[in-house]
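> task: produce atomic coordinates for the following.
(chains A and B)
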Amino acid sequence: MNYAFRLFVTFSAGEIFELKAELNSDKKEKKKEAVKKVIASMTVGKDVSALFPDVVNCMQTDNLELKKLVYLYLMNYAKSQPDMAIMAVNTFVKDCEDPNPLIRALAVRTMGCIRVDKITEYLCEPLRKCLKDEDPYVRKTAAVCVAKLHDINAQLVEDQGFLDTLKDLISDSNPMVVANAVAALSEIAESHPNSNLLDLNPQSINKLLTALNECTEWGQIFILDCLANYTPRDDRESQSICERVTPRLSHANSAVVLSAVKVLMKFMEMLPKDLDYYGMLLKKLAPPLVTLLSAEPELQYVALRNINLIVQKRPEILKHEMKVFFVKYNDPIYVKLEKLDIMIRLASQANIAQVLAELKEYATEVDVDFVRKAVRAIGRCAIKVEQSAERCVSTLLDLIQTKVNYVVQEAIVVIKDIFRKYPNKYESVIATLCENLDSLDEPEARAAMIWIVGEYAERIDNADELLESFLEGFHDESTQVQLQLLTAIVKLFLKKPTETQELVQQVLSLATQDSDNPDLRDRGYIYWRLLSTDPVAAKEVVLAEKPLISEETDLIEPTLLDELICHIGTLASVYHKPPSAFVEGSRGVQHKRLPPRTGSNESVESPESTQPVVGQSADQPPAVIPSQGDLLGDLLNLDLGPPASTVSSGPTSTMQMGAMDLLGGGLDSLIGTSFGSPAVMPASLNAPVGGGLGDLFDLGSNVGIPCGSYVEPKTVSKYPAQCLLFSLRFSLLKYQPFISYLTISSSQVCCGICEE
Amino acid sequence: MIHSLFLINSTADIFLEKHWKSVVSRSVCDYFFEAFSKASDPENVPPVIPTPHHYLISIFWEKTFFVAVIQNEVSPLFVIEFLHRVAETFQDYFGECSETSIKDNLVIVYELLEEMLDNGFPLATESNILKELIRPPTILRSVVNTITGSSNVGNMLPSGQLSSIPWRRAGVKYSNNEAYFDVIEEIDAIIDKSGSTVFAEIQGVIDACIKLTGMPDLTLSFMNPRLLDDVSFHPCVRFKRWESERVLSFIPPDGTFRLMSYHVSSQNLVAIPVYVKHNISFRESGASGRFDVTIGPKQTMGKTVEGIVVTVHLPKVVLNTDLTSTHGNYTFDPVTKVILVWDIGKMNPQKLPNLKGTLSMQSGVPKPEENPSLNIQLRIQQLAISGLKVNRLDMYGEKYKPFKGVKYVTKAGKFQVRT
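Sure thing, here's the model as predicted:
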């Protein structure tokens, strides 16, 4: 069959003519060979649509192979030759009544693939017959055909009542038919999110579960995905479904396994935790997840992304399986990075020694991205497992000794975080860090080093010299470094005012007069004014005690996590984003939620599944920056006022809204205490923001600051929170005594005075 | 569901496309090519790539990328599993799954793809059914076909597709009835510098080659089924009986298939068959380094270790090697300068294989930060290192006496020694 390859190389008008003659030949065999040639060139993307009438003429044949080949051709070119395609309709209709079920099925299957409106009208009658065909092979093919037709002409499918017929097929006696009906309905339902097409009740669930055991692996995936959308009535039903789904965990097809994991993860939410079965289920989930990691790298990648979610939701499942996540040097890079992420999530006091030894090993590998991430991972371990901090720091120091440029830089960045987490504990290493000052060329590392120098200026004898050396190329630095340098020098000045006056003047003028960056300028002005009006307050503000950082900075926020758990195995779980955030055409996709646990005492034990996002920060010590997402929102949420009462608790409220609410509420409580506005704000968006700023503006006019015209309270709600902050910062600038109050309770990001 | 499929070779040329729904323009692959050019190695191309309107999910199989285009939210594992199935089917049909073999059999490829997927839903993926629908090409058959004018397409309904055992074709007949099982175990391990095991596990599979007439119902039992706590089965295995009696009861597909795969985890003690003594060092002054590696038997359960191959990715600064081996040959191509391969073959426990000598290195550059890892391949016949043993095979439902056989082999999977 080498002609195919020959065709691939050359193809000319002459040959088209030749093919035409062959297609119209009387000899059956010649015809077939000609059609094969046509198909071969079509497959490699050549245009053979000019032969359409000649190929369609070959359709009337009892030779199955020839028929199939013509069908293949038709599917490809009918769209470009709709008028010609009509010629084929009669043959299709005739084939749909053929005594051979294979031909009936083939005809209905092919007709559905011809995406021509005129043809679809003729398709309805044969399709209706085939949906009720005595042969299950035809029925299952027809079920898929409904989905095809729906894709071409949704209205037609609804008018003809095919959807109801399809729903009836869910109770078909043949499991394959059931699976295909479910698959077709799921696909149709995706474009009609509110249509209740898959209205599941205990009876239909029972049928699905029966079909689950007998249908093909692909059918099992469709059925499991469909089951995952069901919400059981109580924990007993939930348990019985789980029991019947569990055997799927031993399937050879990893997609079946992961879909089964999804169903179990979702339904076990309803089981009381003290139930024996619950513990057993947890144990059963671990081995199949581990097995997924011995599959091909592409499968591993998807599995790892999902395991990342599962580990966050239920760390107990894989807590003893750390070793399977150890990286092999010939893993593809995308697998390595994911494994590393999960290793850190699983790190605990019990296994930290092992993990650190591994991470140190990785830090000497070849791949730069991977090495960087490994070094960062060491820092994250230090922050996560307090007992290991010392060992992590010494590991990092060892790595710095290697003098490999990017390793040193990453190490310094993470050591900064360690200093933040454990202040006044590891400062002895500063000397070593300073030795490497000259080799730093990445902004993040430079900024981190400058922060360290500024923060510990009193312990570093030549801090002023070090900072001054950075100052020489001030304008060539990135914004990050410039901001950090400004803050560090101000800190230095506040700590050693006598020797550094000149330096601070220099940096302030660089920042305020020679820079075009508004952030830098603003920060410069704030410092300047602070320092000139009230150095004591300045000290209080700039050298204020910093909130600690926590290990949870990279966790997915709980409501999103719960939603993603419902989407295990899908694209959403790979991207760690809800489907609404990226799937095109998903208008009004419903947010899936985990079912609530039935035992009432359980809700206390698992607050993360029932409480809204912000509720969690209330449980934590107030000085810890909480985990997720929009840092701004979090910081505000954390530091300002009593948040729980002001925040709307809807699960869909975005961070931005939260931030604005909180800003409003927070400001209000800030100002409220001193100026007597109502202490508790309504939860709506506009009111608190307006109110908060309004108070601020009142305040402003009292002391004669003309900022009321700068931002109209009414328009404020349209601006993002950052904008508000900016205006806030702007107006606060001129009211100095207020600043110290604000910054004591507010955070560094709010005005950027302290740092970062 | 799966919209389209593009096959792309390792020089980034599309050589086949197939669309199951509307036609998606080839230009969608530009996003793939972008990721491809960024990746250091074809293996490092990420398997899921988002584009503005589609998602590209790909696998890399023997120098060919199978890139599926999907439009809506779908399970990526489902797509990846399916793509692997397509590649396996090509391999099964054409003996190899390469660009050449695919181009040589374009029509069959197209027919297969059409049978395997309908509107993006998998249709017939079992090799037994596919072979009934479309016969694989053989030289003999293509000769016969040209003479007699018969075709590769089966003219009967694929009966298996409807029965409750879709994996087995009906009317199987053999004059010699045989059932063979291969128990194959691979050791994945990471051994650290000092020789202690960082991580070790066993990936095991039981592959079957069954040529039995009619509808045989088989039961395979083990001496020590307790070893197997993490298993996945071919759909033919009755899970209930495994759960209650720990036996494998099944009606097999015809021909070769993977009956089960299992996994003996790192919690159980995994025997490591060889040890490696190594001394690889680079001198600070540059220009040269030492290389000295010896391999010896550790826990081999009295069997001979054979097929030993040591692969070392030497750092780029190594220009050439001057080594002598006591056993086997070593190859190092100073031009490509990547891999040192030492093919030892069978190990003689009395005289341990050793490879030693000097490495000449680029002078004037700092010595490499880390020592290279050694990758070891080996094979031990007639041993399943986990200790798994088949007890007996019984057949019900048919009268004849089949010929039965079990073979064990242990191999090294990803077996790495850090130095």
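
> surely A:Ala295 is in a strand?
No: counting by DSSP: H, G, I helix; E, B strand; the rest coil, A:Ala295 is not found in a strand; it is coil.

> residues near it, how many?
21 (other C-beta atoms under 10 Å in any protein chain shown). Every residue, glycine included, has its C-beta placed from N, CA and C.

> hmm, A:Ser254 and it touching each other?
Yes: using C-beta atoms under 8 Å, A:Ala295 is in contact with A:Ser254, at 5.7 Å.

> now for the two: what residues contact both?
A:Ala303 (C-beta atoms under 8 Å, 6 or more residues apart in numbering or on different chains).

> for the residue nearest to B:Pro42 when sequence neighbours are not counted, grab phi and psi.
In space, B:Pro42 comes closest to B:Ser10 once its chain neighbours are excluded; the distance is 5.4 Å by C-beta to C-beta, 6 or more residues apart in numbering or on different chains. With angles defined as degrees, to the nearest 10, B:Ser10 sits at phi -80, psi 0.

> now do the contacts for B:Ser10.
B:Ser10 neighbours (C-beta under 8 Å, 6+ apart): B:42, B:63-65.

> just for chain B, where's the confidence low?
B:138-164, B:266-268, B:285-286, B:337 (pLDDT under 70).

> for it, longest helix please?
In chain B, assigned by DSSP state H, the helix with the most residues is helix B:76-94.

> of all the residues in that one, which ones are buried?
B:76-87, B:89-90, B:93-94 (16 or more other C-beta atoms under 10 Å in any protein chain shown).

> ok, now stretch B:315-328?
Here stretch B:315-328 shows B:315, B:317-318, B:321, B:323, B:325, B:327-328 as buried, counting by 16+ other C-beta under 10 Å.

> helix or strand for the residue in the stretch 301-419 of chain B that chain A sits nearest to, just tell me which one.
Chain A sits closest to B:Glu370 of the stretch 301-419 of chain B, with a gap of 3.9 Å, by C-beta to the nearest C-beta. Element membership of B:Glu370 [criterion: DSSP states H and E] is none; it lies in no helix or strand.

> tell me which residues touch the nearest residue to A:Glu499 once chain neighbours are set aside, please.
Spatial nearest neighbour of A:Glu499, excluding adjacent residues (C-beta to C-beta, 6+ apart): A:Asp464 at 6.0 Å. Counting by C-beta under 8 Å, 6+ apart, A:Asp464 makes contact with A:457, A:492, A:496, A:499-500, A:503.

> and whichever residue of the stretch 201-350 of chain A sits closest to chain B, what element?
Residue nearest to chain B within the stretch 201-350 of chain A (C-beta to the nearest C-beta): A:Pro287, separated by 3.4 Å. Assigned by DSSP H and E, A:Pro287 belongs to helix A:276-292.

> chain center to that helix, what's the gap?
With C-alpha atoms, centre = their mean, to the nearest Å as the basis, helix A:276-292 stands 25 Å off its chain's centre.

> so what's the model's average confidence on that helix?
Taken as a whole, helix A:276-292 carries a mean pLDDT of 90.

> tell me the first helix or strand C-terminal of that helix.
That would be, after helix A:276-292 and using DSSP H and E, helix A:297-313.

> so which of the contacts of A:Asp464 is the most crowded?
Counting by other C-beta under 10 Å, top hit in these: A:Leu492 with 26 neighbours.

> nearest residue to that residue in space, please, no chain neighbours.
A:Ala457 (4.3 Å).

> kindly report the same for A:Ile568.
Nearest one to A:Ile568, counting by C-beta to C-beta, 6+ apart, is A:Lys262 at 3.7 Å.

> now do the contacts for the residue of the stretch 201-350 of chain A closest to chain B.
Going by C-beta under 8 Å, 6+ apart, the list of residues near A:Pro287 reads A:249, B:229-230, B:263, B:265.

> redo the residues you listed as a markdown table? Include distance to A:Leu51 and neighbour count.
Output for these, formatted as a markdown table (distance: C-beta to C-beta, whole Å; neighbours: other C-beta atoms under 10 Å in any protein chain shown):
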| residue | distance to A:Leu51 | neighbour count |
| --- | --- | --- |
| A:Leu249 | 51 | 22 |
| B:Asp229 | 60 | 15 |
| B:Asp230 | 55 | 20 |
| B:His263 | 54 | 24 |
| B:Ser265 | 59 | 19 |
